[in-house]
Each structure stands twice: as structure tokens, then as C-alpha cells.
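Trainee: mind folding the following:
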Amino acid sequence: MDGDRSNNRVSNLEYVTPAENALHAWSIKPNRGQPILWRACGTQPWVHASSQSAAARSLGVSQHCILSCRRGLRANCPGNGASYEFRAASVVEVEAEQLDHEIWKLASYPGNDSRISGLMVSDHGRVRSTSRNGDVVSRGYLNANGYHVASKNKRNYMVHRLVAATFLGQPAQPDLQVNHKDGHKANNHLLNLEYVTASENVKHACALQARRQQARRKGMHVEASLKESDGQWLQFHSIKAAAEHTATTAWRISRVCHGHLAVDPTSLWNFRFLGRSSGEPDEEWRTVVFEGARV
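Mentor: Numbers count the residues shown, from 1 in each chain. Next up is the predicted model:
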């Protein structure tokens, strides 16, 4: 009913016809796709994302976790080997906040010393295209490779290269590439860009991938709470660590955390993945029944 596909409470579900479903989707559309701001923990500039789902895809973070941050239930979310902060922001708020302190210049592009007429670029990675119909401010559109692209005078420009050439100047060598320091192609803030050689770019990408793989090998963060306690949850960096502390098998903890086992009757502990809510006191469990299926 609320349009949130992750909310599967029985009070939020109802049977409807396809036509009713379509009408309901349109009725709640104004609440969808609201822009948000995100940044890696420990960094200053906030980065704009057109929607919660767009940020989730770009950063490898669950939408449920982002929603918890927006509601103030979490401080940050893990994703792709790093942690990120999120906060809600309307389009008006994003525009007003960035226009207060961002710097705009007439755009340049690597390999071309002349300025691009009618195209401005900011140190925050936004572009402003001027025409007879007025100015249009955007971050460009995403191409198939995940880069933001801006179009002007029937030519396409990579936004990260626009920002680099405009604010860092022309590259010292024509074969230098523009690298995203944090590895996220959507973050075209000046502070996140640098000129590198092709070899340095490959090494940087490999180093980022290695850190992400190492983070995945460490396992998913788990919380555990004694069934007879006051509800305080202990945090562990992996299922294995939780198993060693609670004298429970990792297999059983994994089944509980993934929802394959409601509770472990052989353990004194409750378990859940970090950021996921455990069963609530008023929660009711039933055997799954598939409509029309023979059992």
C-alpha cells in the first residue's frame, strides 16, 4: 500500500486488479525518486543522487539501509568495501545548498585549449547548458558504461573530463586519463578527480577491487542478543566471530540471519545481520501457502 516493496507487513498488503495496481502506482508516484545526498565517511563534500535506488546501484548499498539512514535509524551503511552516510534532500534543497558555495566556469575539455561556448561546469560536477530557451542545470545523463555525459552543439562530453580540464587545467601529457579517486564514476566532484597514466589507472582500479574483495571475505556483520536479556545487541564483524563468541555453529547463525530458520532452539542467542530488524514482539508466523498450488 505504501509503495515500498521491502515492506511486506500484512497490514501493508492487499489484493487488487492489475488496473487498480497501476492506478495506485501513479497515485504515489510523486513520492518516488526523491533525490538524496551521500558521501563516504570521513569526507566533506556531499554528492547528489537522483534517487535512493540510483545511489544503491552506484555504491553497492542496500536500499533498506539507505532508508534507515534517511530516517535517522542508522549512522552509515557498508558497501563496496567502504561506509557511506546518507541524508534526504529535496531538489530545491540540493540546488540551493550547492549554489551557495560551488564554483562555475566556462567549460574546457582535455585536448582542446578553447572554451566550450554555452556550457558551464562546476567543481561539484554539475553542468549548465545555455540556449535561447534558458539555462538547464543537470549532472548529465548516464551512459552504458556508468559515466555522466553532457551534450552540447551536437557533441557529447564526459562530465568528469569536463571538470578536470576546467579546474585542473589541460593534462601535462595528451595520453593522461581522469581517475575517480574513490572508484565511483558518479562522483564527479573536483576533489575526487585526478590525472593519471593508463598504468596508474589500472593499478588504482585493481587496488580498489582488492580492498572490496577483502571486505567481502571478512564476512557480513552480525548482531547477537541473549534471548533472556533486555534487548541489547552485540556486534561482530562476521558470522564466524559471532559463532565463536556464542558457542553456536556458523551454519545455524547463517540460517537464522538469512531467514531460513526463525529461531535456533538449541542456542541462547538471537541473531540478525547488522542493519536488519529482528522479529518483533507482535510478529506472527505461519506456514507459507502458494495460491493455486497443490501441497
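Trainee: please parse the chain into its domains.
Mentor: When the chain is parsed with the TED database, its domains come out as 10-88, 104-211, 219-294.
Trainee: from the middle of its chain, how far away would the last one be?
Mentor: Spelled out, that is domain 219-294. Distance of domain 219-294 from the chain centroid (CA atoms, centre = their mean, to the nearest Å) equals 26 Å.
Trainee: what's the answer for stretch 46-61, then?
Mentor: Chain-centre distance of stretch 46-61: 4 Å, with CA atoms, centre = their mean.
Trainee: likewise for stretch 36-46?
Mentor: Counting by CA atoms, centre = their mean, stretch 36-46 comes out at 11 Å from the chain centroid.
Trainee: do a quick rundown of the helices in this protein.
Mentor: 18-27, 52-59, 63-70, 91-101, 159-167, 198-217, 239-246, 250-257 (DSSP state H).
Trainee: can I get those helices in a markdown table with distance to residue 42?
Mentor: Quick note: C-beta positions are derived from backbone N, CA and C, even for glycine. Below are these laid out as a markdown table (distance: least, CB to CB, whole Å):
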| stretch | distance to residue 42 |
| --- | --- |
| helix 18-27 | 39 |
| helix 52-59 | 15 |
| helix 63-70 | 16 |
| helix 91-101 | 20 |
| helix 159-167 | 22 |
| helix 198-217 | 15 |
| helix 239-246 | 24 |
| helix 250-257 | 28 |
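Trainee: pass me the low-pLDDT residue ranges in the stretch 101-250 of the chain, would you?
Mentor: For the stretch 101-250 of the chain, applying pLDDT under 70 flags the ranges 132-134, 213-219.
Trainee: returning to that earlier point: for the domains of the chain, give me TSV that also has mean neighbour count.
Mentor: Shown next, in TSV, are the domains of the chain (neighbours: other CB atoms under 10 Å):
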stretch	mean neighbour count
domain 10-88	16
domain 104-211	16
domain 219-294	14
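Trainee: for residue 107, find the nearest of the helices of the chain.
Mentor: Among the helices of the chain, helix 159-167 comes nearest to residue 107, with 5.1 Å by CB to CB.
Trainee: need the contact partners of the closest one.
Mentor: Contacts of helix 159-167 with the rest of the structure, by CB atoms under 8 Å, 6 or more residues apart in numbering, involve 103, 105-110, 112, 119, 121-123, 125, 127, 139-140, 147-150, 171, 178, 180, 185, 188-190, 193-195.
Trainee: then stretch 111-121?
Mentor: The contact list for stretch 111-121 (CB under 8 Å, 6+ apart) reads 104-109, 127-131, 150, 152-153, 157, 159, 162-163, 165-166, 170, 174.
Trainee: repeat that with 7 Å
Mentor: Under the criterion CB atoms under 7 Å, 6 or more residues apart in numbering, residues 104-109, 127-131, 150, 152, 162-163, 166, 170, 174 lie in contact with stretch 111-121.
Trainee: gap between the two ends of stretch 46-64?
Mentor: End-to-end distance for stretch 46-64, by CA to CA, to the nearest Å: 20 Å.
Trainee: and that stretch, how far out from the chain middle?
Mentor: 3 Å.
Trainee: same check, this time on stretch 74-90
Mentor: Here the centre of stretch 74-90 is set off from its chain's centre by 7 Å, with CA atoms, centre = their mean.
Trainee: equivalent analysis for stretch 158-166, please.
Mentor: Chain-centre distance of stretch 158-166: 23 Å, with CA atoms, centre = their mean.
Trainee: send the alpha carbons of that stretch over as PDB?
Mentor: C-alpha atoms of stretch 158-166 as PDB (Å, rounded to 0.1, in the frame of the first residue of the first chain):
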ATOM      1  CA  MET A 158      32.300  13.100 -20.400                       C
ATOM      2  CA  VAL A 159      31.500  15.200 -17.300                       C
ATOM      3  CA  HIS A 160      34.400  14.000 -15.300                       C
ATOM      4  CA  ARG A 161      36.800  15.100 -18.100                       C
ATOM      5  CA  LEU A 162      35.000  18.500 -18.300                       C
ATOM      6  CA  VAL A 163      35.500  19.100 -14.600                       C
ATOM      7  CA  ALA A 164      39.200  18.000 -14.700                       C
ATOM      8  CA  ALA A 165      40.100  20.200 -17.800                       C
ATOM      9  CA  THR A 166      38.200  23.200 -16.500                       C
END
